[in-house]
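Asks: fold the stuff below for me.
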Amino acid sequence: MTEHLDKVLTIEELAAYLKISKSRLYKLAQKGEVPGQKVGKHWRFRRDIIDQWLAESTPAGKRKDKGSTWKSACGNMHRLYTEYQDVEGIFRGSFL
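Replies: Presented below is the predicted three-dimensional model:
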């Protein structure tokens, strides 16, 4: 029976295993970024699934979308600034 219990981790046990804070783990679990499930009010995680998830995860520094997300954000900022300048020009022209 003890062998079966070792296969299921609590939030405290998994936080220690992953070496992250419990609050960070709660956020990841609620977003669905860590495989787990709620049993009543409590989160539970299967150790074998966590080990598989860790093995398959892409390291944070090597994410493919990191640059494209940044470029997209910069593009959106540029577009908004351009629109702001257009609107500002309209208002300046109407008050002169």
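Asks: what helix or strand is the closest residue to Leu18 other than its chain neighbours located in?
Replies: The shortest distance from Leu18 to any non-neighbouring residue, by Cβ to Cβ, 6 or more residues apart in numbering, is to Leu25 (6.9 Å). From N, CA and C alone the C-beta is placed, and that goes for glycine too. Using DSSP states H and E, the element containing Leu25 is helix 22-31.
Asks: buried residues in that helix?
Replies: Going by neighbour count (16 or more other Cβ atoms under 10 Å), the buried part of helix 22-31 is Leu25, Ala29.
Asks: one more: stretch 32-48?
Replies: For stretch 32-48, by 16+ other Cβ under 10 Å, it's Val34, Gly36, Trp43, Arg44, Phe45.
Asks: and which of those residues is nearest Ser21?
Replies: Nearest to Ser21 out of the buried residues of stretch 32-48 is Val34 (Cβ to Cβ; 13.1 Å).
Asks: give the contact list for the closest one.
Replies: Leu14, Leu25, Leu28, Phe45, Ile50, Trp53 (Cβ atoms under 8 Å, 6 or more residues apart in numbering).
Asks: can you list the strands that the helix or strand hosting the fourth one pairs with?
Replies: Looking back up the chat, that one is Phe45. Phe45 is part of strand 42-46, with elements assigned from DSSP H and E. The strands that strand 42-46 pairs with in its sheet are strand 8-9 (antiparallel), strand 37-39 (antiparallel) (by DSSP bridges).
Asks: correct me if wrong: the residue nearest to Leu18 contacts Glu12.
Replies: No: using Cβ atoms under 8 Å, Leu25 is not in contact with Glu12, being 9.0 Å away.
Asks: pull stretch 46-62 out as CSV, backbone CA atoms only.
Replies: C-alpha atoms of stretch 46-62 as CSV (Å, rounded to 0.1, in the frame of the first residue of the first chain):
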residue,chain,number,x,y,z
ARG,A,46,0.9,11.2,-10.4
ARG,A,47,4.7,10.9,-10.1
ASP,A,48,5.1,8.8,-13.3
ILE,A,49,3.1,11.4,-15.3
ILE,A,50,5.1,14.2,-13.8
ASP,A,51,8.4,12.4,-14.7
GLN,A,52,7.1,11.9,-18.3
TRP,A,53,6.0,15.6,-18.5
LEU,A,54,9.5,16.7,-17.3
ALA,A,55,11.2,14.5,-19.9
GLU,A,56,9.1,15.8,-22.7
SER,A,57,9.1,19.5,-21.7
THR,A,58,11.1,22.0,-23.8
PRO,A,59,13.6,23.9,-21.6
ALA,A,60,12.5,27.5,-21.1
GLY,A,61,15.5,29.0,-22.8
LYS,A,62,14.9,27.0,-26.0
